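Asks: Got a predicted structure here, sequence first:
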Amino acid sequence: MPLAHFDGALAVVTGAGSGIGRAVALALAESGASVIAADIDLPAAERTIARAKSNGTGGTAYEVDVADAAAMEAFAAEVKETHRVPDIVVNNAGVAVAGSFLDTGLEDWDRVMGVNLWGVIHGSRLFGRQMRDRVNALPNKPDKPNFGGHIVNIASAAAFAPWRSMPAYCTTKAAVLMLSECLRAELAGSRIGVTAVCPGFVSTDIVKNGTYVDGESGSPEKLRQRGQKAVRLRNYPPEKVAERVVHAIIKNRPVVPVNFEGHLLHVLSRVSPASLRLLARIPAPQG
Ligand SMILES: NC(=O)c1ccc[n+]([C@@H]2O[C@H](COP(=O)([O-])OP(=O)(O)OC[C@H]3O[C@@H](n4cnc5c(N)ncnc54)[C@H](O)[C@@H]3O)[C@@H](O)[C@H]2O)c1
């Protein structure tokens, strides 16, 4: 499998209709992969494929809700039947829920756990099994560590650091980091690589589309506006995350912090967890 240059590879990207997912899909297409762009928003996924066709190898758009177990099972089966077992799977679809732990209702927990955690579990489990079975059927397994394929899970720098203003989101991302580490250990013998990518703030629509529960930090609309302003000022493009994803697959990296705050929180989580506990107490900025 030509994972070094992705020529002839088949890549599945969830949440490929916007932001980081779209940038990753386009980067993989530019590197020679045929891309399956999956999103709950089909027209958005189709726009990604239209761009992939003009700049790269192209691919196919699918509508799928990653939180829906039956829909993901049908999607994985359809990919295998209509295309084949993918070489690269990027579990990227995600949503943001902000607000204090005690103000976060069960519906919001269900939604963020469904997309951010269950979506990654479904994608990793269904496509991981396909990849493993394909490798097991081979008489000889070349020594390359991710010869059998590569799964990339988009976690977040929020996986490294607690924050009182985003408890549900941080919880899902810490879980994605841990499941990626466990799966990496399990699939190493099948020559399948697994990477958790952990970016800090990236300029995408996630803040605009997020859910803001009413709490101590102000009205939901004010929280959204503050968040959008912070992400705009941070000005870190999703294309740079996509570059790191491509590099992580080529080098078979286990955990990839991205951008300044991604690296800072990663280092602090290892050398000074106490400092992160103090930072966690800082409330969301007031308008
Ligand atoms: N933007 C950031 O600052 C940042 C930082 C760290 C990690 N991340 C993570 O990156 C990933 C991508 O986020 P983004 O910033 O590009 O956001 P985005 O809102 O721009 O894109 C998310 C995409 O996921 C799709 N999606 C949402 N729910 C879905 C579902 N149930 N099924 C299928 N698709 C669904 C949306 O339609 C959208 O196209 C997320 O997992 C997010 O948590 C983002």
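Replies: It's in. Residues are numbered from 1 along each chain as shown.
Asks: ok, which stretches of the stretch 151-287 of the chain are helices?
Replies: Here the stretch 151-287 of the chain has its helices, by DSSP state H, counting those that start in this stretch, at 167-187, 206-209, 220-234, 238-251, 260-271, 273-280.
Asks: Name the residues of the third one that are buried.
Replies: Read that as helix 220-234. The neighbour-count check on helix 220-234 (16 or more other Cβ atoms under 10 Å) flags 220, 223, 224, 225, 226, 227, 228, 231 as buried. (Glycine included, C-beta is placed from N, CA and C.)
Asks: hmm, back to that, turn the helices of the stretch 151-287 of the chain into a markdown table, columns for mean pLDDT.
Replies: Converted to a markdown table, the helices of the stretch 151-287 of the chain look like this (pLDDT from 0 to 100):
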| stretch | mean pLDDT |
| --- | --- |
| helix 167-187 | 98 |
| helix 206-209 | 94 |
| helix 220-234 | 87 |
| helix 238-251 | 98 |
| helix 260-271 | 98 |
| helix 273-280 | 97 |
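Asks: Can you lay out those helices as TSV showing distance to the ligand?
Replies: Shown next, in TSV, are the helices of the stretch 151-287 of the chain (distance: least, Cβ to the nearest ligand atom, whole Å):
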stretch	distance to the ligand
helix 167-187	7
helix 206-209	3
helix 220-234	6
helix 238-251	6
helix 260-271	8
helix 273-280	17
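Asks: Out of those helices, the one nearest residue 88 is which?
Replies: Proximity to residue 88 (Cβ to Cβ) singles out helix 238-251 among the helices of the stretch 151-287 of the chain, at 6.2 Å.
Asks: Relative to its centre, which residue of the chain is most distant?
Replies: residue 139 (32.7 Å; Cα atoms, centre = their mean).
Asks: Quick one, grab the pLDDT at that one.
Replies: For residue 139, the pLDDT comes out at 87.
Asks: three-state assignment of it?
Replies: Assigned with DSSP: H, G, I helix; E, B strand; the rest coil, residue 139 falls in the coil class.
Asks: Distance check, it against residue 224.
Replies: Computed as Cβ to Cβ, to the nearest Å, the residue 139 to residue 224 distance reads 56 Å.
Asks: Also residue 276?
Replies: In terms of Cβ to Cβ, residue 276 sits 25 Å off from residue 224.
Asks: go on, residue 260?
Replies: Distance of residue 260 to residue 224, given as Cβ to Cβ: 24 Å.
Asks: now residue 93
Replies: Using Cβ to Cβ, we find residue 93 at a distance of 20 Å from residue 224.
Asks: swap in residue 264?
Replies: Taking Cβ to Cβ as the measure, residue 264 falls 25 Å from residue 224.
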